[in-house]
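Novice: next input, structure requested:
(one chain, ligands or ions: 1)
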Amino acid sequence: MGLKTSGSNLRVDGEALWTDLMETARFGGTPKGGVKRLTLTAEDRQVRDWFVKTCEELGCTVSCDSMGNLFARRPGLDDSLPPITMGSHLDTQPTGGKFDGILGVLGGLAVLRALREAGHVTRHPIELINWTNEEGSRFTPPMMCSGVFAGIFTEQEVLDKRDRAGLRFGDELEAIGYRGGEICGQHPITAYFELHIEQGPILEAEELTIGAVAGVQGMRWYEVTVRGRDAHAGSTPMPLRHDALLASAHMIAALAEVARAHAPAVGTVGLIENHPNSNNVVPGETFFTVDIRHPEDHVVAAMEAAFQERFRAIAEAGGVDVEIVRIWDAPAVHFDPACVAMVADAAREAGFAPRSIVSGPGHDAAYVARVAPTAMIFVPCKDGLSHNEEESITQADAQAGANVLLGAILRADAAF
Ligand SMILES: [Zn+2]
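Specialist: Below is the predicted model of the structure:
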């Protein structure tokens, strides 16, 4: 066993990685080939037990913090250094797939296995992290426990969250046996790398394998209420109406125009309620949500100003009132340029042209980036489909992503 600084001959075992992906998909596996493994359920406990056992078999020690985040540690030559880390999440959506989050954890496992089989000892300890409740499906918001780790949320506010059945997060965490002793956030790390499926169509469309993720889009959410006046559909002439739904329809179309005018921005109305929702009543009130995203915060701010102006003009023309409330503001994240360069270099070394890409969805890495140098690696998924039981990737792409993760980890070990 000796220290190799380059380690460029190291490769992950793609067969073993694929076997792990298929094996863990059984915990919460659905008849349609997807996975339902909501956080802090029996299925989550099963996959955690599997994770702990498998990491220990690879010679790692596994610790658990007070939010249930798991850290599998492979010692380094200088064990006093904070670890180089990698990871993602093992929880899924109710109709989730086999790869969202899971690839990042099991790809990390493949890295640990490659290091062990090569007898390669890194300078830093290497740790593989499974973050609790990334999905935010059973307990909202998403990325909850990387959020506590990074100081975004307090431990107590998260422990007191309740699911729709009224069950408390803290009680459910205790119940599956994964409330650890280490206080969440008191775990210094040197750097963090997260491998993830793209969950979008860009890599597949461009026939590329590796995305070097530069950051995560800025995102703002709003609740919009439009108030007009209920009226009889037969007896109210068109010029005298205060139709909240008609005005809302124009607003929804205007939002799409604002998004297109700020490309590559996206703007979405995904939820709408109409009152009284009766076939012969001119609608008096509507409620809908707005979601806008762009890689740069100043563009998000410009979009906000633009759509609000359009909405107010539409309301005035339609004889209705509009109230717009911003309920969420997640600033854009710019990953550490040095870490992003390590990902790109590792991709080239493995024979892939890295594609610079900005993530649409949020990820644990977005919060970890606040406390440590961070970057992400994307691999393609079929038709860009995710949060879907039909989510699909190839074994070759999984292996490629894990090899780039390994290369990035070795570069970080040499650089930090
Ligand atoms: Zn994910």
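Novice: what ranges do the strands span in the stretch 151-300 of the chain?
Specialist: Ranges of strands within the stretch 151-300 of the chain are 191-197, 211-216, 218-227, 231-232, 266-268, 272-275, 281-282, 285-294, based on DSSP state E, counting those that start in this stretch.
Novice: between the ones you listed, which one is nearest to Phe139?
Specialist: The closest of the strands of the stretch 151-300 of the chain to Phe139 is strand 218-227. By CB to CB, the value is 18.1 Å. All C-beta spots, glycine's among them, are computed from the backbone N, C-alpha and C.
Novice: and the contacts of the closest one?
Specialist: With CB atoms under 8 Å, 6 or more residues apart in numbering as the test, strand 218-227 has contacts from 244-245, 247-248, 251, 284-297, 299-300, 304, 311, 315, 320-332, 362.
Novice: picking that back up, mean pLDDT, mean neighbour count and distance to His89 for the strands of the stretch 151-300 of the chain - can I get that in JSON lines?
Specialist: Formatted as JSON lines, those follow (pLDDT from 0 to 100; neighbours: other CB atoms under 10 Å; distance: least, CB to CB, whole Å):
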{"stretch": "strand 191-197", "mean pLDDT": "98", "mean neighbour count": "30", "distance to His89": "9"}
{"stretch": "strand 211-216", "mean pLDDT": "97", "mean neighbour count": "25", "distance to His89": "15"}
{"stretch": "strand 218-227", "mean pLDDT": "96", "mean neighbour count": "20", "distance to His89": "19"}
{"stretch": "strand 231-232", "mean pLDDT": "97", "mean neighbour count": "13", "distance to His89": "50"}
{"stretch": "strand 266-268", "mean pLDDT": "96", "mean neighbour count": "18", "distance to His89": "23"}
{"stretch": "strand 272-275", "mean pLDDT": "96", "mean neighbour count": "14", "distance to His89": "31"}
{"stretch": "strand 281-282", "mean pLDDT": "98", "mean neighbour count": "18", "distance to His89": "46"}
{"stretch": "strand 285-294", "mean pLDDT": "96", "mean neighbour count": "21", "distance to His89": "21"}
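Novice: got a markdown table for those strands, with distance to Val148 too?
Specialist: Formatted as a markdown table, the strands of the stretch 151-300 of the chain follow (distance: least, CB to CB, whole Å):
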| stretch | distance to Val148 |
| --- | --- |
| strand 191-197 | 15 |
| strand 211-216 | 18 |
| strand 218-227 | 20 |
| strand 231-232 | 50 |
| strand 266-268 | 28 |
| strand 272-275 | 33 |
| strand 281-282 | 47 |
| strand 285-294 | 24 |
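Novice: which one, of these, ends up nearest to the ion?
Specialist: strand 191-197 (5.8 Å; CB to the ion).
Novice: adjacent strands (with direction) for the helix or strand bottoming out on mean pLDDT in the chain?
Specialist: Least confident helix or strand of the chain, by mean pLDDT, DSSP states H and E, is strand 321-330 with a mean of 94. In the sheet, strand 321-330 lines up against strand 218-227 (antiparallel) (DSSP bridges).
Novice: tell me who's in contact with the closest residue to the ion within the stretch 101-250 of the chain.
Specialist: Nearest residue of the stretch 101-250 of the chain to the ion: Gly101, at 3.8 Å (CB to the ion). Shown in contact with Gly101 (CB under 8 Å, 6+ apart): Ser88, His89, Leu90, Asp91, Thr92, Glu134, Glu135, His196.
Novice: number of nearby residues for the third one?
Specialist: It stands for Leu90. 27 (other CB atoms under 10 Å).
Novice: tell me where the chain has helices.
Specialist: In the chain, the helices defined using DSSP state H lie at 14-24, 42-57, 102-118, 144-149, 155-159, 169-175, 202-205, 244-261, 297-318, 337-349, 364-368, 395-415.
Novice: Leu385 is nearest to which of those?
Specialist: Closest approach to Leu385 among these is made by helix 202-205 (9.9 Å; CB to CB).
Novice: buried ones in that closest one, by neighbour count?
Specialist: Ile202, Leu203, Glu204 (16 or more other CB atoms under 10 Å).
Novice: centre of the chain to that helix, how far?
Specialist: Distance of helix 202-205 from the chain centroid (CA atoms, centre = their mean, to the nearest Å) equals 19 Å.
Novice: what's the separation between the residue in the stretch 301-416 of the chain that the ion sits nearest to and Val47?
Specialist: Nearest residue of the stretch 301-416 of the chain to the ion (CB to the ion) works out as His363 at 6.0 Å. According to CB to CB, to the nearest Å, His363 and Val47 sit 19 Å apart.
Novice: so between those two, which is more surrounded?
Specialist: Between His363 and Val47, counted using other CB under 10 Å, the more crowded position is His363 (27 against 24).
Novice: could you pull up the residues touching that one?
Specialist: Ser88, Glu134, Met143, Glu194, His196, Val216, Met376.
Novice: for the protein, which spans come out with low pLDDT?
Specialist: Applying pLDDT under 70 to the chain flags the ranges 1-8.
Novice: get me the contact residues on it for the ion.
Specialist: Asp100, Gly101 (CB under 5 Å from the ion).
Novice: nearest the geometric middle of the chain, what residue?
Specialist: Closest to where the C-alpha atoms of the chain average out (CA atoms, centre = their mean) is His363, at 2.8 Å.
Novice: from Ser146, how far out is that one?
Specialist: 9 Å.
Novice: and for those two, which residues touch both?
Specialist: Glu134.
Novice: burial measure for Ser235, as a count.
Specialist: Neighbours around Ser235, by other CB under 10 Å: 7.
Novice: brain fart, Ala400
Specialist: If we define neighbours as other CB under 10 Å, then Ala400 has 22 of them.
Novice: and His89, what does it touch?
Specialist: Counting by CB under 8 Å, 6+ apart, His89 has contacts Gly101, Ile102, Gly104, Val105, Asn130, Trp131, Thr132, Asn133, Glu134, Glu135, Asp364.
Novice: Thr209 and Arg348 touch, don't they?
Specialist: No. Using CB atoms under 8 Å, Thr209 makes no contact with Arg348, being 11.7 Å away.
Novice: quick one, which of the two is more surrounded?
Specialist: Using other CB under 10 Å, the more surrounded residue of Thr209 and Arg348 is Thr209, with 23 against 15.
Novice: nearest residue to Leu405 in space, please, no chain neighbours.
Specialist: Leu195 (4.7 Å; CB to CB, 6 or more residues apart in numbering).
Novice: the one you found bridge partners, please.
Specialist: Ile377.
Novice: my guess is it meets Ile377, correct?
Specialist: Yes. At 4.6 Å, Leu195 and Ile377 qualify as touching, with contact defined as CB under 8 Å.
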